[in-house]
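S.K.: For reference, the sequence and a predicted model appear below.
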Amino acid sequence: MSQRIASLSVLLVMVAVVIGSGCLWGGGPSRVHPPSISASAAASGAMDQYDTDKDGVVKGPELDKAPSLKAAIKQLDTNGDGGVSADEVSARVKAWQDSKVGKMSLSCMVKVNGRPLSGAKVTFEPEKFLGTEVKACSGTTDANGIANPSVPVEGDDPGGAACGLYLVRVSKQEGGKELIPAKYNTQTTLGKELALDAAEMQEGMLHFELTSP
């Protein structure tokens with residue numbers, strides 16, 4: 001019972017933070033609307049990009065090369081076959097839009113070999129198949145390895161991040177040299193789904209445990 005209460009408390013705090021930061025708007029002229037995404041075009045694009053054997057499902061080795069889909073498999077794989085189909089991508093996009101969430105506050109913690117990584121740029125890059133209205137968001141980790149990625153803030157824009165499937169890139173450079181392995185940036189294997197009901201989002205913070213020689 002105490003664990004359930006603690007989980008509920010975390011969720012309530014997260015919702016309060018999202019509302020307080022202006023990421024969910026109740027109406028009126030300042031409402032932040034979800035980005036316009038064509039569910040059918042996104043589904044078709046995801047298959048074109050990742051379904052290399054053209055059997056209609058991104059599965060197995062294909063899924064290993066689709067980090068955002070793999071990260072969201074619990075939400076996407078509604079028929080339990082271990083893969084992702086066009087219909088499942090389309091349904092998930094529609095679920096984001098039905099949620100009416102325009103922007104969300106976003107926090108993440110990055111560690112390398114178990115230690116907090118400071119001074120690193122963390123970028124959430126939306127999948128190309130989502131179209132052009134979902135924008136990338138980024139932030140820099142502090143001494144505790146925590147970053148609060150956001151889209152560039154303009155005017156009354158509250159910042160934060162939109163629902164979507166993202167590739168995640170972590171980079172830290174010194175003297176023009178990249179200190180983080182390519183598998184976490186230029187050839188990233190990291191992906192996340194951002195949505196209020198997505199894995200880890202209800203905990204209030206995303207975690208990235210990196211390894212480096």
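M.R.: Everything's here; your move.

S.K.: The closest residue in space to residue 107 that isn't next to it in sequence: what's it in contact with?
M.R.: Nearest-residue entry for residue 107: residue 205, 4.7 Å, with adjacent residues in sequence omitted and distances by C-beta to C-beta, 6 or more residues apart in numbering. Bear in mind the C-beta positions are built from the backbone N, C-alpha and C, glycine included. Taking C-beta atoms under 8 Å, 6 or more residues apart in numbering, we find residue 205 in contact with 107, 108, 109, 146.

S.K.: Dihedrals phi and psi, the third one?
M.R.: So that's residue 109. With angles defined as degrees, to the nearest 10, residue 109 sits at phi -120, psi 130.

S.K.: just the second one next, same as before
M.R.: The main-chain torsion angles of residue 108 are listed as degrees, to the nearest 10 and equal phi -150, psi 150.

S.K.: Would you check that it makes contact with residue 206?
M.R.: Yes. Counting by C-beta atoms under 8 Å, residue 108 touches residue 206, with 4.1 Å between them.

S.K.: Compute the number of surrounding residues for residue 127.
M.R.: 22 (other C-beta atoms under 10 Å).

S.K.: so what's the nearest residue to it once chain neighbours are set aside bridging to?
M.R.: Sequence neighbours aside, residue 165 is the residue nearest to residue 127 in space, at 4.8 Å (criterion: C-beta to C-beta, 6+ apart). Note on residue 165: beta-bridge partners by DSSP bridges are residue 193.

S.K.: Wait, residue 165 touches residue 130, no?
M.R.: Yes. Assessed by C-beta under 8 Å, residue 165 is found in contact with residue 130 at 6.7 Å.

S.K.: of these two, who's got more company?
M.R.: With neighbours defined as other C-beta under 10 Å, residue 165 and residue 130 compare such that residue 165 has more, 30 against 24.

S.K.: ok, that one to residue 112 distance?
M.R.: Between residue 165 and residue 112 the distance is 25 Å, computed by C-beta to C-beta, to the nearest Å.

S.K.: With residue 206 instead?
M.R.: In terms of C-beta to C-beta, residue 206 sits 16 Å off from residue 112.

S.K.: again with residue 129
M.R.: The spacing between residue 129 and residue 112, counted by C-beta to C-beta, is 30 Å.

S.K.: and if you look at residue 180?
M.R.: Residue 180 is 7 Å from residue 112, where distance means C-beta to C-beta.

S.K.: shared neighbours of these two, anything?
M.R.: Shared contacts of residue 180 and residue 112 (C-beta under 8 Å, 6+ apart): 210, 212.

S.K.: What ranges does this protein have for its helices?
M.R.: Per DSSP state H, the chain carries helices over the ranges 2-20, 39-50, 61-64, 67-71, 73-76, 86-99.

S.K.: Packing partners of the fourth one?
M.R.: Applying 3 or more C-beta pairs under 8 Å, 6 or more residues apart in numbering; DSSP states H and E, one finds that helix 67-71 makes contact with helix 61-64, strand 164-171, strand 190-194.
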